[in-house]
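[1] predicted model follows, preceded by the sequence.
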Amino acid sequence: MYGFKRWNYFSIFVIEKILNLMGRRKTKNITGILRVEGIPYHDAWVGYKCVNCQKLNNVIIGQTLLDPSKAYEICSWECENCGFIHSKESDLPFDNWEDEYNSSDSDTALRFWQGFFRIATEHPESYWKQCNVCCRILPFQAFSKHSKWGPLERQMECRSCKGAINAVLNPKRTKQQLHEASVRRRIADLFLEGENEFIDIESLFKRFGNKCFKTKKPLDIKDRSSWQIDHILPSKWLYPLKKENAALLSNEANAAKKAKWPNKFYTNNELIELAKVTGGNLKLFTSENPIINTSIDVNRGVERYLQVREKSDLPKRVDEIKKILQFYKLVDSLTNENKKLLGF
Ligand SMILES: [Zn+2]
Ligand SMILES: [Zn+2]
């Protein structure tokens, strides 16, 4: 209980912090992520522990990573806590070493400072970077790779901030995804318009013994509001409604089935029974994952989809159908003429 509360307070704190930053700072980029101004987010930092007082220090070095031998020659880093200077000119501060080993012109000091600067600068992974959302200076690994930005090719915000921001922005994304799903369904339905077959309701009832296939509840053919025809293999995966693909279900059972792949709703025994009753394809019915019906007449579907709309809608329709064809990996089924027409 305590742990949960603590986590909860923490996440609220993070989100509040982000919202605060969003409110205060008006700069907005295309990703919708709001950033703190003045953070040199393209710059690299070096992190090192003070050899005298052990405090962690960060030194900003700009957009060029340091070469260890060069760092050894030129760098002079002052601890912000105790003022100790980290440089090859400095004597070492170790009490348990003899003075001759601590002296800056000793061999031990030379090797020590070479090692010190190498550890801080040798590998790109040993550098640090500042997050321009939470302002923390964090190791490179705390930032995701980014192929476009800056010589250091890391994102401007740390992974934690990115995660929290994505959570805040998620509702928007979901809306976008919902829209895409509904467009996809609409196009799937249009694809299938010419492929659906007439279902003879009386023989459907006969085949299923006047009962809901899932619940075995008796159904009244005349009470149209109490039963549904289940698209066993969903139209979402481009299966038209045919005798072989139709199951008789009660309203409740059909509401639970929705557009689920058959294997996700029916038991194995039910699927075997279903294939017997309908004459459908048992291998498809029992497939673990959805399989797209590629035997659909894609070209006719495209023509139907482009016909039904106003001319002014056409460019949008073309875009939509292109996305769908790519999503369903159906581009190869297009005639050359249609490929050209759609700009593939
Ligand atoms: Zn110090
Ligand atoms: Zn951050």
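    All right, it came through fine. Ligands and ions are numbered 1, 2, ... in the order given.

[2] of all the residues in the top helix by length along the chain, which ones are buried?
    If you go by DSSP state H, the chain has its longest helix at helix 159-192. By 16 or more other C-beta atoms under 10 Å, the buried positions in helix 159-192 come out as Cys161, Lys162, Ala164, Ile165, Val168, Arg184, Ile187, Ala188, Leu190, Phe191, Leu192. C-beta coordinates here come from the backbone N, C-alpha and C atoms, glycine included.

[3] with respect to ligand 2, which of the residues you listed is nearest?
    Proximity of these to ligand 2, judged by C-beta to the ion, is greatest for Cys161, which lies at 3.3 Å.

[4] before we move on, back to that, show residues contacting the next helix or strand after the longest helix of the chain.
    Scanning forward in sequence from helix 159-192 by DSSP states H and E, the next helix or strand is helix 201-207. Contact partners of helix 201-207, identified using C-beta atoms under 8 Å, 6 or more residues apart in numbering, comprise Leu219, Ile221, Ile229, Lys243, Ala246, Leu248, Val277, Thr278.

[5] out of these, grab the one that's most surrounded.
    Neighbours here are counted as other C-beta atoms under 10 Å. On that basis the top member of the contacts of helix 201-207 is Leu248, with 27 neighbours.

[6] what's near enough to touch Gly343?
    When contacts are counted by C-beta under 8 Å, 6+ apart, Gly343 is found next to Val318, Lys322.

[7] roughly how far is the longest helix of the chain from the heart of the chain?
    The offset between the C-alpha centroid of helix 159-192 and the centroid of the whole chain comes to 11 Å, using C-alpha atoms, centre = their mean, to the nearest Å.

[8] average model confidence for that helix?
    Per-residue pLDDT values over helix 159-192 give a mean of 74.

[9] swap in stretch 116-123?
    Per-residue pLDDT over stretch 116-123 has a mean of 94.

[10] buried sites along that stretch?
    Under the neighbour-count criterion of 16+ other C-beta under 10 Å, stretch 116-123 has Phe116, Phe117, Arg118, Ala120, Thr121 buried.
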